[in-house]
Structures are given as structure tokens and as C-alpha cells.
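Novice: predicted structure and sequence below. I'll ask about it afterward.
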Amino acid sequence: MSEMPTYTKKDFVPDQEVKWCPGCGDYSILAAIQMVMPKIGKKKEDIVFVSGIGCSSRFPYYMATYGMHTIHGRAPAIATGLKTTNTNLDVWVITGDGDSMSIGGNHLIHAIRRNVDLKIVIFNNEIYGLTKGQYSPTSNVGLVTKSTPYGSIDRAFHPGSLVTGAEATFFARTIDTDVKHMQEVFLKAAAHKGTAVVEVLQNCVIFHDGAHESLSNKEQKEDTTLRLEHGKPLIFGKDKNKGIMIKGMTPEIVTIGENGITEKDIFVHNENVMDPTYTFMLSRFTHPTFPVPLGVFRAVNAPCYDAEVQKQVNAVTEKKGKGDMKALLASGETWTVK
Amino acid sequence: MSEMPTYTKKDFVPDQEVKWCPGCGDYSILAAIQMVMPKIGKKKEDIVFVSGIGCSSRFPYYMATYGMHTIHGRAPAIATGLKTTNTNLDVWVITGDGDSMSIGGNHLIHAIRRNVDLKIVIFNNEIYGLTKGQYSPTSNVGLVTKSTPYGSIDRAFHPGSLVTGAEATFFARTIDTDVKHMQEVFLKAAAHKGTAVVEVLQNCVIFHDGAHESLSNKEQKEDTTLRLEHGKPLIFGKDKNKGIMIKGMTPEIVTIGENGITEKDIFVHNENVMDPTYTFMLSRFTHPTFPVPLGVFRAVNAPCYDAEVQKQVNAVTEKKGKGDMKALLASGETWTVK
Amino acid sequence: MKEVESVVIRFSGDSGDGMQLTGTQFSNTSALMGNDISTFPDFPAEIRAPQGTIAGVSGFQVNIGATHINTPGDEPDVLVAMNPAALKANVHALKKGGTIICNMDAFDDRNFEKAGYKGNPLDTHELDAYQIIKAQITTQTMEALKDMTELDSKSKGRCKNFYALGITYFIFHRDLAPTEKFIAQQFAKKPMLIEANVKALRAGYNYAETIEAQVSTYKIPPAKIEPGTYRQINGNTGTAWGLIQASMASGRPLFQGTYPITPASDILHELSKYKHFGVKTFQAEDEIAACASAIGAAYGGALALTTSSGPGIALKGEAIGLAMMYELPLVVVNVQRGGPSTGLPTKTEQSDLNMTLYGRNGECPVIVVAASRPNDCFHMAYEAGRLALEHMTPVVLLTDGYIANGTEPWKLPDLAQYSKIKTKLIEGAKTGEDKYLPYKRDDKLVRTWAIPGTPGYEHRIGGLEKAEDSGNVSYDPGNHEKMVHIRQEKIARVASDIPDQEVVGDKTGDLLVISWGGTFGATYSAVNEVRKAGKKVSLAHIRYINPMPTNLAEIIKGFKKVLVCELNLGQMRDVINSRYHCNAVGYNKVQGLPFKISELVTVINKELENTKLQ
Amino acid sequence: MKEVESVVIRFSGDSGDGMQLTGTQFSNTSALMGNDISTFPDFPAEIRAPQGTIAGVSGFQVNIGATHINTPGDEPDVLVAMNPAALKANVHALKKGGTIICNMDAFDDRNFEKAGYKGNPLDTHELDAYQIIKAQITTQTMEALKDMTELDSKSKGRCKNFYALGITYFIFHRDLAPTEKFIAQQFAKKPMLIEANVKALRAGYNYAETIEAQVSTYKIPPAKIEPGTYRQINGNTGTAWGLIQASMASGRPLFQGTYPITPASDILHELSKYKHFGVKTFQAEDEIAACASAIGAAYGGALALTTSSGPGIALKGEAIGLAMMYELPLVVVNVQRGGPSTGLPTKTEQSDLNMTLYGRNGECPVIVVAASRPNDCFHMAYEAGRLALEHMTPVVLLTDGYIANGTEPWKLPDLAQYSKIKTKLIEGAKTGEDKYLPYKRDDKLVRTWAIPGTPGYEHRIGGLEKAEDSGNVSYDPGNHEKMVHIRQEKIARVASDIPDQEVVGDKTGDLLVISWGGTFGATYSAVNEVRKAGKKVSLAHIRYINPMPTNLAEIIKGFKKVLVCELNLGQMRDVINSRYHCNAVGYNKVQGLPFKISELVTVINKELENTKLQ
Ligand SMILES: Cc1ncc(C[n+]2csc(CCOP(=O)(O)OP(=O)(O)O)c2C)c(N)n1
Ligand SMILES: Cc1ncc(C[n+]2csc(CCOP(=O)(O)OP(=O)(O)O)c2C)c(N)n1
Ligand code: SF4
Ligand code: SF4
Ligand SMILES: [Mg+2]
Ligand SMILES: [Mg+2]
């Protein structure tokens, strides 16, 4: 194998014009991923971006790697076939909230169940952008959209809960307004062996502007979000004095320094607990009742589907020798006519 | 409305011959449901059984109610349309592990997310019965089947985790060998307003005999299963002396009477906690590490999609008056040609 | 004819908005692309009229077309309104059904007042007859240029006319290059402005592409106008309303199960407003669930509807097959777009005919009808509902992006003509001891419809082959063959329940032009034009595709040659040839664009020549 | 001819197993159903031979058919073996490729020993040439009767012959009524035994229905046997092996994405064994994912395969359209079964031709080929792989339940003839500065295939319309039309890469019979039989359906009349008529059953008569 070249962001920028609306959150996600690529230790030709359909799914056109813009919802399945065929590839799935959790829900949960070694980035703008603004499975109840003039009545998925319920080995959340945090999270996703799901809270300036405003505006964000750091207590707030305690099975927001509570009482974040119950609990933290966790919720090891398939192929080949069609044809009963 | 007739089981038995293999677990599930029907307070003509494709999905033919044997995996979606059209109906979805969680996974999670008022009974035999024995998404890793001669490598879904991750308001588990328990559970599912998912551990004598043997055989079952009862502590075991304690976020099996542990230390089961984290935790209990919970995991209230749709229709009609096509045609700008 | 082949665009804004330059660019680019053009610049009377007022509005109108354009056009098809004053000043000239691209950033209270509006005109009904594209032209331009920190924001704001121009360039697929070249020359000394204006131009272009912006410049075939009350209607609205009317006429509530897709989504948007008509709309998780939910609704007694476009319809094949096997009423609307695969989502095409007729496993016939123009959608949607309910079967209604978004005047129908759909519904509890036979048929081979809630009619239906009458599962070979024939014949017999094929022109002659669906305006105009020259050509525009009207065979026999004009590679031509063995030839176009009358006139004349020579 | 029209079944078991009675029932029922029959009971020599030994085997052979049956048949097609001794005693008489229904409950070590087997013969290769249906006849019978608490278990066990009979009744769709009547008479005095035996009969019948039991009684068309080494092969195995060979010949690893469905699942079961051939099989969550995964694999450089039957194929339409748009190699196998909808899963039919040709949105041509018999599947599957890889396009291979499960001798192919598939793969890193143009084409209009991992060829592909050569997204109308034509023409040019259409019989004559797919055995035999009578009839059996061989047009012109025989309502007939304008008529059968030679002979003679009269 030839040596690993040193890349810069530029190596991943193709000559294609980027066609999102000015101000769309997708731009900064693109920038973050282009910046992360040189750091993941993969050759450019071994990286593939696979997407479905949606504004977000235009993404592969904007990466100077191999890429597939596919059909609506099917990217995880297509990526599974690709990765299983060539386990050496680094396969990224780019998808929207509708693409991944509406039409593509089944493929998403099955890719996760199999733990195919894919990095799945969900651009969650809580709306269908490309089709001009219908509500999505992550839109809040009551949202007035083109298809819900009297307000939507479907309850929203919590993406973190859905994927944890589907046996996720890695889940993280980040936000389009924080390019540095995005890079950290993408880098960790890239390092994970198995399906790494990253939810990016993304702003659609045209059809659902401000959906994540309370989590990104400077005034509030320290209080409305919770930065997860492995081995560190769940502390948040402008004054770094709020924390999460777990009583029985119930998480509670407490103030450090009040009622005798000290930092030691605060629950310590651990990405690596095998039991996903803790991940699940974190996935239920929603604004405004709880601070919204950002960072890596969960990163545990489990065998990857694609690698296991390859292992079986290797093991059987080792045992039986490389397949020989002539021998196969002659196996069992044959007879000769003269 | 006419009065409610008094029914017996017989009223729900049609003249159709039941065509499962002798000894199939489906028979006892059928019996249990036929026995429960007279008790749910619904007229026969208002009950509909909707199924997909699979051995289990033959079920509607064996109920003397309205019924639809549909196509593979789509029963929850079909039932959603039916129930939304006529909210007075009692709609039961009968499905297999493959039908519901393989091809039908997306429809299952979306019916649950919307909390459509459906009773979804999953016959989980951890195999594809009708197509003669391929592994399913609930088959354990390593299972040798027609399609996995070298053992399966896909990790299995935990049905309870999957549906909890999809925002389930009701989840229960029961087993085909215990007709009484099945009846209790079905009755509770019937009483639930919203999507009630019941997983029935079912034995396929032909293609996966004994899949749930350790949970049903008389020797073991007291130790390998945990009967959930609302308001009662999580106690199990032949000698009723084992229990579940939760430490931090971690459940642990303890013995009552040892190390000073008394019944009071045992976690008390509560079906009605809104936060699904506890439900999720229970869904991770698998044999042999933990006793497998049987009974109602979770039963909480939330608005039902079908009822909310009807409410919007009623509210708008009340506000605007019953729609008048003539007025609609004449709305906006019109002009007359003479 | 010239109006039909051309499109008139009016750029309009404040005198400072650069509309003259914008209009000129559009004209020049079009001329370079080979269009004939005619322009009409129209400046404000006052040199410095107050900003935002009607007096300050500056406009530039351009008429572009493939053939001789003699005037800048009477009524603009498209109006770019950079502010409310521009809207107010021009909306009355705009053609009914035309499109308005509004700069939403200028639509604020201050500007409403300046323009003399009481409030936001977009919130009232006064613009109901138009298609509105809302764009935040100013903020989007600023946003697009935000990285150009050296440029002051006033200069940035001035680029917004190029953003607006970009939107129109996407819609009318104009080449960006000439304008970019112009910008480069114009601002040769200020490279920053070159960059800024080009960026704005592209941002507008990309915005239109991203949101799949569509403008239908549907042209009305000439005809004498009947007396009556008229309104504007576009195809998707007509489809929605026609189905509501079918629901009223049958007493069956309308249930729509659908999933958004361009260009069909507007049917959902429209129907979701009419809850007081008892309409329930269900935005499903995908197209399969959409169709499946409609099937459940049909079993439950609704007039069931599922709507989509090509890729979504491709997903529904298995479920439509189930509905056919159940023999339940189901209306499927396919608003066709450019294919294959994701194809050209915003463009029009007729290439889903084959899939509609054949895209299901097994012998699986369904009724197929097609609307011919925007103001025919109400009627054909009602027909689809009627046929589905009266014949207990799936019916596919084909429309296309061109007529779905296109708008034309529509004479309000006499609703009495749309009031009696006789369903096969069984009402009231069962009396008598005999078993209910759900698949027993009347002389049209149509079964009855007993819905849950009806006592005594409890029965089960499924997708396996059924025994005659009882509907029980049957593996009997003879029964299977019989049932396959019954289902085929049942659809064939629908022919007695649809109108005869109409012919434009004489019943016999040299050339029969056959067309179907949204091309009617063009084929009708072209055939009439050639007929005026005394040629023996007639038109059979097919609206009932499966089954076809019984008299069509006879009509075809009356002509020496058959020419099938359609926006695909010859799908209807093949159907006609396999059904009528008439050696029909095709004229086909697959550009995502509708036919032009001129091209049809040419090809018809050519075919007439050929016929003579033979 | 009589062998071809008949089926021979042998019931065999211990003398206490009631085989004589079972066989008699089967015969009588068949006679009542209008079959001609011939039977051959064969008792053990000794009156009380030891149980479980060969000497104790009692057999009853019956030959049933639609026409004159003169003998009980030489080689049984189906053997019911109630124990290992029955198997051992009869397996050598069984026709190669026949079916064995084994009572697994009696297959234990004790009985192996008694029968003289070393171990379980089912675990060795000695039965490879047969289809095995494993049934737990004894325990299932006991289980079916377990509620009859008053009946002793010995009496229950005695009912097992009726369970076995029930299985055969489902498979050969025999009427249960006569046997139930017989049971009622026989045990008139013991009502409990009536109930027990009827229950057992039905349990067996239902079991076969539940597990979708299938037996193909594929008959071998007579032909002179070429010298060579032979083996038995069924269609699904042939398909699997043919694709492995295409993988070997192209150097591209085989990837199968699939979802189980009758009667296609066996291709998965077969391929999953061959991991040492580098085959990767992926049991996906559904058919869409199955096809999608194969597309991903194709982009990754695999020989990509997806397999299914009607309902599953209906779900793949959108994804196949994407593969067509990508221009990636993809083999789609449709093992056709009885439709529409879930239809008749275990029965054979040819009614998916239309869906195969047309079941996708937009203009979406794919290559279509069909295997003609079980031993043709290897070849046609290889061809499908070859055409997909050499022409960078989806190829659909049509087989059907009849030939997929049917078995016949197959002369082992010379693998040198199957060794050179020249893919369009780009190998090695890119040199030179020019941009890679993924959609630049050769003179067959085929593009190159650069796969991830190849440095310098990084490129993106999508389902939107593409600019020529570069493949970049393009909304240009002229480009779209051009691309639609290019994709159409690319498939048309495949005609130069397939063999000429063969004709059985003379190249000209009165009647040309056209058939395709799994009906070859019957049409070939029938045409030959009529030819023997000196009639001017020939057969064109089409294996390459899209495009068709170029010489077919000429062949059709050489005949006065064309008769298309197929197991549907006339799908190929319509295709032939729309392509060749030849007024072909159809002979159609839709019973879930294959053609009988006799019926074809009758219809061919009738058509020849008609031709003369004209
Ligand atoms: C089969 C199919 N169904 C529907 C569509 C229309 N469609 C395209 S993108 C989209 C949803 C986009 O929403 P999301 O995935 O959230 O992406 P976003 O545009 O918000 O980034 C839909 C419904 C399609 N292209 N194909
Ligand atoms: C679209 C489609 N795909 C595949 C099948 C074949 N099929 C029928 S049932 C089944 C799976 C059955 O498994 P499960 O749902 O677990 O039901 P069980 O038979 O075990 O009760 C499959 C794959 C089908 N009928 N239709
Ligand atoms: S519509 Fe929304 S999501 Fe799509 S590009 Fe524009 S801002 Fe982004
Ligand atoms: S195959 Fe299994 S699941 Fe199906 S009927 Fe038989 S025992 Fe039951
Ligand atoms: Mg979105
Ligand atoms: Mg199962």
C-alpha cells in the first residue's frame, strides 16, 4: 500500500458550486466535515459519501471524494452493500430528518442493529426542506406547516431514543452553529468501529428558521445545553453550577452549592457503559425541562456486520480452500454418456 | 346505538379450518384472544383484525370478526388508515417478528410514534416460519438457519427496546404456553388508549422448536422469568426470594434474606411512569443474565393520532360550518361571461 | 399563436432596484439562446420618486419565444415584484394564473402603507388566482455575501437584482454565462463587485433549484368562451376539489394517505385545509404506508386517495396490486414529472404511462384516466372517484407537472351534474341466515362493499387467490384462471360506463392525431391550425385510457394513418398498436417541456405529406 | 408423450403404515377428478416381515394423467417414504430430480440400522439429485390429535398415513371430499376414528399449504442426448452457480442482497454456502434494502445481484430505476409465481413480463433475459451477469417456480466457454491532469466503471438527470432528451452482443409459435409432434427479451401467422404485436400450472386449420 498523503481541507473541496440557500446550516456542517477529513487517517480514494434525497442529501456533490446521491431514504441500505463489499472503505451516510427517520426509518434501524461500520450524519432541521416545508417526524406537535395548516398532531421521535432502541453502539449530538464542537464529534465518530450516528441540529433558514435558536443563541445556550465529556460530571449553566443527579431512576437538575450539594454528587458521564439505559435516559433530555446534551452519548464496542461477513468468507475459504467451480459441478452424483 | 350483546368465545370462532402445524404456539394465542374478545366491551362488528404475511398473519381468517390479511409488513400502516377513518373500531394488528420488525419496521415505529389506537400483537418465534426457516431480526447471533449455514452474525433487536425508543405508550410481553397470562395481558392491551404493543413469545415447532424453552419449562420458568405486577416489587424465583434492586442506573439481582436485604429494598414495578427510561431498562433483561420480564412494562396516557385527527375535523367544522362546495367554488375571484 | 409559444416576464421594483439592467440581461441572454424577443422598459415618470411608492416603480417587460414575437406581450405570465408597490402597480396586468415572485423582505408594514395596501396582500384572498413564489431576496443576498467582509452592506444590497434574476434563470433555464460575462465587463475595475454580483446571481439560481421552484406557463387553447361564471384554477387544486366533490356525491368521507413529493405535494396542502368537508389527510412515513393507509381507509368505508409522482408511485405497485385483489375503491393520482429515477423533479413528462398500466406483479388491471388540462382536473378527479366507487377497483388518474401547476379559467360546474355516485355500500344490519358472500358480483362484475361496523357482514379479505363469490382462499387451478379473467373482464366492462371518444374534426380522414393527458392544449391548437388549411386531419384526445372508449377502434379505422404525439418515447403509441394493430407512428419529445404548437403543426404536415406519397 | 403428461407417485412404508389404503385413496380421488390412472400395489413378500426392514416395505404406485395412461409409470416422480427402509428400497427407481417426502420421525439411528444405512442418508450427498420435503409426520399427527383425549395413542399413530396423504393432496390439489367420505364410511361405527383420520388428513394438507410446499414435476423434452458428463440440476441452483461463474469469469466478487420469498429463497440458501467462492450474501430487512444494498455493492465493484419473486420485485422498481440511471451493473432475478398480489405463492406463472419491461417511472429500459428450462438457468444467469458487467446496466433474469424447483439432467458445461467477461473496470491510479468523465462512452455507449479505492477517479453519481460525459446534474432540456435517447439506444445496441434467435423447424412456414421462459419443454415437444405430422409449424423460443435478437423480425415475416403461447393473459403477444405489427394471436393459460403438450398440440392444429381457411 502506498503511503498516506497529508491532506488539507482544500483536497476535499470539489469544483462544484454549493447550492444551498445562503445562511443554511448545511454550509457549516460541510465545512466541519471537510476540515475533519484530513485528520481521520484515510486516503481520499477510500472515502465515500452516500446520501438520500433532500437538501442535506446534496452533500456528496460537495465533497471531492467518491460519492453517491441515491434515492429517498435508502442511503443506509446502499451504504451497507458498499461497505460489506469493500470493508476497507470509510463510508459516510448523509441524511435529513425526513430521509433518515421518515421514509428511511427501517434502513436506519437495521444498519444500526447490524452495527455496520458506517458514519451516519443526520441533518435535523425538523422539517422537509427540499419539498418546501412539510413537517417531519422530528417536528414538534402543533407545528403549522404546508401540510398541517391546523398544526401537526404526530408526536416527534427523539432521534437518540430511536437509535438507542435499535441497539446503537455510538450516538452523538452536535449543532451547526458550533463548528469546533462539530469537528470534535465527527472525529470521534470517525474513530468509532461500527455504526456511528451523529445528529446535527441544523437550521433551515427558509422553512423552519430558528428551530434550534434556544440552543444556539449566546444568551441562553450555556443554560439550555449540556456538554457531555467522558469522565466528567454532568455540569452545565452559565455559572457552571448546575448539574444532573440521578435518584432511583429519575434524573434531576440540582444546583451545586445549594442544599449541601457538591460536584461530587453530580453524575459522571461515561460514554462506554455497555447497558444503553443511561444513553437512553440522556436521550430524553429535551428543552426546556432539561438541558439538551451535546457531545458523545455513547461509544461502545461490538462486532461490525461488514467485518464479520468478511471473517466468515475468510474462515470458510481457509477451511475449504478457494472455491473451484469445476469441482462444484462434479460434486454429488454425476454420470457419463458416451 | 343498539345494546351490547353478551358474547362467548364461540361467537368469535368462524367456520374456517385453522391451518397451522399441530403443536404450533399460534393455536393457544388464538384461543386466548378468542376468549378475551367477549370481555373487551366491543361489538363483534366493530372489531377488525389486520395482519401482514407470515404463518402468524393467517390469524384474521380464524376470527369471526372483520379482518384483513394484507401484504408483508404493511399491516400497521393499513390499520392506521382504517382506524383514522373510523375511530369507533377496535383494531388489532397481528404480525410476526419478521413481518413487524424486518420489512415492517418503519410502519411499526411510526404507528407507535403517532400513538394510533391499535393493539399490535407480535408473534415472536425468532424465525421466518412461512418461508421455511430463515433467521429473523430477533434471532440470536450464531443461529444456523437456511440462510445462515455458518451462523447468523446480525445482532438481534430487543423488541421492547425498539418500541420504547419509538415512544411507545404501552408495551407488554407474554408467552404462548401461559393462556391465562396471555388473556390478562390482552385484556390490558385492549383497555389501553393508544398503540399497545404485545410481544408474545411463540414457539415454532417446525423451524425453531424450543426457542423459548428455558422460559416455559416447568423446572426453570420461575427462575428465568419475572412476572411484572403494577405496584408490586420485582420479585421472582421458585422461592420468591430473588429480586431486582437498582443501584445508580444499574439493575442488580439480589437475594432477599441475604446481606440484610428485605422485600422493601426491591424496586417496585410501576407501569405508569411517564419517563420511559425504566421501561427501557426492563427491556434489556435477557436470559440468562436476568429473568425475562412478562407482563405489562408500560402503560401511560398520551393523545391518540386517530382521535386527534377527528378532533381537528370536528373543531374546524364547528368553526367554519360544514363544507359547502358551491361556496368553495365561488370563493376568491370569479367573473361572469354572458 | 404567438402568445402560446411565448412567455412574458415583467421585472418590477423600486427605481433603485436595478430592474432595467435585470430585464436587459434576461432579454440579451434569451436572444443569445436563440429566442425571439420583444421588450418594453417602463421607467417611473418622476426622476426621483419616493422609494417604495407606486410612483417609484420601475419595470421592464420582456416577451420571449421560439417563433416570431411581435409585441412585448399584453399580459405578463410572470411578475417579479421587489416590493409591495411593484406588486400593486402590476398585478392587474398579470395574466390570471400567472406567477408572482415576491421579495418577502420588502413586504413589511411600512412598505404596505407606502404602496397603499391596508395589510399584507398575500394574507388576503386577492391573489388566489396567482401562483406565488416567496423569496427573501434581500436577506438571502446579504447572507450569500456575508463572507465578503471588505464589501459594505449597501453595495451588497445592490446585488439583489441579480439574485432575482438568478431565480428566473433557473425557472426558464437561461444560460448564466452571458450575464456573468456582462458582470465581469461592467465591473472590470471593481473585482469585488464582480464576485458579489455573480455570487448573488448564482445564489438565486441555486435557491430556485433547491426548493424545486416551478412555474407553469400553461397556455389556454383558443376556444369560444361559453357563458357562465368563471374562476382561475390550477390542476392540483382541481384534482383536490374534484375528489372532495366525489366524496360529497357518494357520502363517503375522503381519506388521503400521501407522502410529499414534487409536483404532487400541493394536493396534500390543498386537501389539508378542508377538514370541514370531512376530509382527513394523513402524511405517512413513506409512499408505501401512504397507499397502505388508503387501503385500510377503503376497507373502512372511505373514498380512499393516495397521491404522488413517479418515484413514489413506483413504490406503491405492490400495495395497488393488493387493492386490486381486494377489489376496494382506491384513487391513485400520479402527477407525472421528468424521469427516470429522480430525473427532473420540476419538469413535465408523460413517461409513467407504462408503469401505470403494467407496473405490478401478475395480471393486475386497473382503470386509468388522464386529465387533459388544468380545468379538466376537477372533472377527471371526480370521474376517478366515481369509477373507483361504482366499480370497486383502484383507478389511476394521470396528470403532470405542467397542468398540475398550470392555471386557466374554469367555468364553474353545475354541481347537480356531480351529485350522484351510487356506491356498492351495504347499509344496515344483516337479516337472514345465508352467509354473506363478499365477492358475489352484479352484471358489471362488481362486488358489494360491507364495511366494519355493519352487523352480520363480518368477513375477511386477503391477497391470496380467492374462491369465486365467497372470497375464501383457494388454490384451485380452474378457479384461479376464472378469477383472473373475471378481474380482467370487470375492468373491460367499465367501457360501458364511460363516454364515447370525442373527435376534433371529421370522423374520417387522412391522419388521426392521438394524444392524451396534459398535451391537449397543444395538440388541439395544432390540429385546428392544420385543419384551417383544409387538411384532412382530426384529433382524438384520450382521457379514458383503460379501458378505452369502445368507439375508438372504429375511429382509428376511419383514418389512413395514426400519429400519436406524447412526451415520452412512444408509450401510448405502443399501446395503440398492440390494441388496434394500426401501425401508428409517434411524435415524441422528452425534454421536460410541453409541446409547442409550431412543432406539432410541422410534424402533422409532414405526416400528411407522407400519407399522400404512399 | 404419456410420461410428459403424467405424474407418478409412490407411497411407501412399513407394512403396518397403511400405504395400500393411502395409495388407493389417492388413485380414487384422482379418478373422480377426471384423471386417467394406472396403479401398482406392491406388498412385502413375507406376511409379517420385521418392522423397519427392507423386507417389510409395502408400496403403492400410481400414475395419474390427463390423457391415456397405460402403465403405472417407470420412474416415480414423487416418493413418500415413511421410514428409511422405504427410502432405501425405492430411491433407485425414483426419477432423477424427483421429490422425496420423508417422515423424519422415523429417521433415527435404530431405523437406519434396520434399513442397512450407515447413518442418516439425508446428511450425505447421495440424495443431492432429489428434492427433499422433511415432515414430522408421526409427531405432527399425534399433535393434531392431542385434544382427543379419549383416543389411545396407538390409534392416533395409525392416522399418520392420512397426514402423509394430506401433504400429497395439497401438492397435487386433490379434492379432500372423496377421502373424507371414504373415512366416514370406513369408520362408520367408530366416530372417533372418523374425526381422527380426517383431522390428520387436513393437518397434513394444511402443513403443506403453510410451509408453501412445492413439488416441481418438471418433464424433460425428448431430445437426443449428447455425449458428456451429466448431473441433475434444478433451476434455482443453476441460477446460483451461473452467477458464481460470472463472478469467476469477471474477477468481480458476487454480492447478493435479498429478502426471502417463495419460490426464490433457495437461491439465497444456495449462495450462502459458497463463501469460499468469495460470495457475500446479505439477507436485508426488506426487498428495497435488498436491491439498494446490491446497488451499493455495484458501486463498490461487486457483481451485484438481487433476487425475489413478484411482490418483492414490485417493491424494487424505484431502486432498479436508480441503477439504470447510474448505469451500474446489477442482476435482478425474478422467479415468477402466481399473481396478482400475494396470489398463489407456490404456483408457476409468467405474468410478470410486463412489470419487468415497464414497472419503473420514466423511460427506464433494462436488459431482460429468460431461462427456458432448469438446465438453462446456469447459462442464462451467466449471460445476465455478463451483459450487466459488459454493458453497465441492470439486467433482469426471468425464471419461474416450475423451472426453479424443477430438476433435469444437465451436461456439465465446458467452463472455458464461461471464462471471459470483460468488465469496464478502471484499474490503477489515475495519471494525467484531465478530469475523469464517468459517463463518457465507448461505441456501444457503455461507460467506464471507476470504483472507490481507485486513486484519482473520485466522482459522484446521482439519480437526477446528468450532463453527457461528465455526469454532473443537468436540467438542460436538450441534454435530457439526448440522455433519454442514449440510454435507450445503449440497450438497443446490446442486440449485437447476443446470439441470433434460433428456430425449431423451418425458417418459413404457415405458423410460427413463439414462447419464452419456462414453457420451452412443452412448446418444443408440441411443435415437434405437430411437425411429425408434416405440418408447417416452427418454434421461436425467445430467451433474449430486451432487446430481442435482430433476426426475429425476419423470422416473423416468414410465417403466415404467429401464435404466442404463454402462462399469462397475453403479455408477450402484446409486445410482439407492438414491435413487429404482425397480428399475433395468443394461447394463454393462467392456472398456476405449466402447459400440457396435448393442449398445445390441439391449439397449434387449430391455428393451422384457421390459417388454411383464410
Ligand atoms: C420516493 C420519494 N418520495 C418523496 C420524495 C420527495 N422528497 C424529496 S426530499 C424529501 C424530504 C426532505 O426532508 P429531509 O430528509 O428532512 O431533508 P432536508 O431537505 O430537510 O435536508 C421528500 C419528501 C422523493 N424525492 N422520492
Ligand atoms: C413483499 C414480500 N416479501 C417477502 C414475502 C415472503 N414472506 C412471507 S412471510 C415472510 C416472513 C415470515 O416471518 P414472520 O413475520 O416472523 O412470520 P411467521 O411465519 O414466523 O409467523 C416472508 C419473508 C412476501 N410474501 N412478500
Ligand atoms: S430550504 Fe432550508 S434546508 Fe434547504 S437549503 Fe434552504 S435553508 Fe437549507
Ligand atoms: S411453520 Fe412454525 S410458525 Fe408456521 S405454522 Fe408451523 S409451527 Fe407454526
Ligand atoms: Mg429536514
Ligand atoms: Mg416469525
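Specialist: Structure's in. What do you need? Ligands and ions are numbered 1, 2, ... in the order given.

Novice: only C-alpha atoms from now on, for both contacts and neighbour counts.
Specialist: Noted.

Novice: centre of the chain to the lengthiest helix in chain A, how far?
Specialist: Criterion DSSP state H: the longest helix present in chain A is helix A:305-320. With C-alpha atoms, centre = their mean, to the nearest Å as the basis, helix A:305-320 stands 28 Å off its chain's centre.

Novice: show residues contacting that helix.
Specialist: Outside helix A:305-320, the residues that touch it by C-alpha atoms under 8 Å, 6 or more residues apart in numbering or on different chains are A:80, A:83-85, A:87, A:114-117, A:323, B:150, B:153-154, D:275-280.

Novice: tell me which of those fall in helices.
Specialist: Using DSSP H, the contacts of helix A:305-320 in helices are A:80, A:83, A:84, A:85, A:114.

Novice: hey, C-alpha coordinates of the longest helix of chain A in PDB?
Specialist: What follows is helix A:305-320, C-alpha atoms only, in PDB (Å, rounded to 0.1, in the frame of the first residue of the first chain):
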ATOM      1  CA  TYR A 305     -21.600  -6.700  10.300                       C
ATOM      2  CA  ASP A 306     -19.300  -6.000   7.400                       C
ATOM      3  CA  ALA A 307     -16.200  -7.200   9.200                       C
ATOM      4  CA  GLU A 308     -18.000 -10.400  10.400                       C
ATOM      5  CA  VAL A 309     -19.100 -11.200   6.900                       C
ATOM      6  CA  GLN A 310     -15.600 -10.800   5.700                       C
ATOM      7  CA  LYS A 311     -14.400 -13.000   8.500                       C
ATOM      8  CA  GLN A 312     -16.800 -15.800   7.600                       C
ATOM      9  CA  VAL A 313     -15.700 -15.600   4.000                       C
ATOM     10  CA  ASN A 314     -12.100 -15.800   5.100                       C
ATOM     11  CA  ALA A 315     -12.700 -18.600   7.600                       C
ATOM     12  CA  VAL A 316     -14.700 -20.800   5.100                       C
ATOM     13  CA  THR A 317     -12.100 -20.200   2.400                       C
ATOM     14  CA  GLU A 318      -9.400 -21.100   4.800                       C
ATOM     15  CA  LYS A 319     -11.200 -24.300   5.700                       C
ATOM     16  CA  LYS A 320     -12.400 -25.400   2.300                       C
END
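
Novice: tell me the mean pLDDT for that helix?
Specialist: Taken as a whole, helix A:305-320 carries a mean pLDDT of 98.

Novice: who does whichever helix or strand comes after that helix touch, helix- and strand-wise?
Specialist: The helix or strand immediately downstream of helix A:305-320 is helix A:325-330, counting by DSSP states H and E. Contacting helix A:325-330 under the criterion 3 or more C-alpha pairs under 8 Å, 6 or more residues apart in numbering or on different chains; DSSP states H and E is no other helix or strand.

Novice: which strands or helices does the helix or strand following helix A:325-330 pack on?
Specialist: Sequence-wise, the next helix or strand downstream of helix A:325-330 (DSSP H and E) is strand A:334-337. Applying 3+ C-alpha pairs under 8 Å, 6+ apart, we find strand A:334-337 packed against strand D:228-234.

Novice: can the helix or strand following the strand it packs on be found next to chain A?
Specialist: For strand D:228-234, the following helix or strand on the C-terminal side (DSSP H and E) is helix D:235-250. Yes - using C-alpha under 8 Å from any C-alpha of the partner chain, helix D:235-250 reaches chain A at residue D:245.

Novice: angle of helix D:235-250 against strand D:228-234?
Specialist: Angle between the axes of helix D:235-250 and strand D:228-234 is 120 degrees (criterion: axes from the mean of the first three to the mean of the last three C-alpha atoms, to 10 degrees).

Novice: how far is helix D:235-250 from where the chain is centred?
Specialist: Distance, centroid of helix D:235-250 to centroid of chain: 15 Å (C-alpha atoms, centre = their mean).

Novice: report the buried residues of that helix.
Specialist: Neighbour-count burial for helix D:235-250 flags D:235-250 (criterion: 16 or more other C-alpha atoms under 10 Å in any protein chain shown).

Novice: and for stretch C:544-556?
Specialist: Those would be C:544, C:545, C:546, C:547, C:548, C:549, C:552, C:553, C:555, C:556, for stretch C:544-556 by 16+ other C-alpha under 10 Å.

Novice: return the subset of those residues lying in strands.
Specialist: C:544, C:545, C:546 (DSSP state E).

Novice: now the contacts of helix A:305-320: which count as buried?
Specialist: So, by 16+ other C-alpha under 10 Å, the buried ones in the contacts of helix A:305-320 are A:80, A:83-85, A:87, A:114-117, A:323, B:150, B:153-154, D:275-280.

Novice: now do stretch C:83-94: everything it contacts.
Specialist: C:12-14, C:52-54, C:57-58, C:74-79, C:81, C:102-104, C:106-107, C:111-112, C:114-117.

Novice: the residues you listed in strands, which ones?
Specialist: Reading strands off the contacts of stretch C:83-94 with DSSP E, I get C:12, C:13, C:14, C:57, C:58, C:78, C:79, C:81, C:102, C:103.
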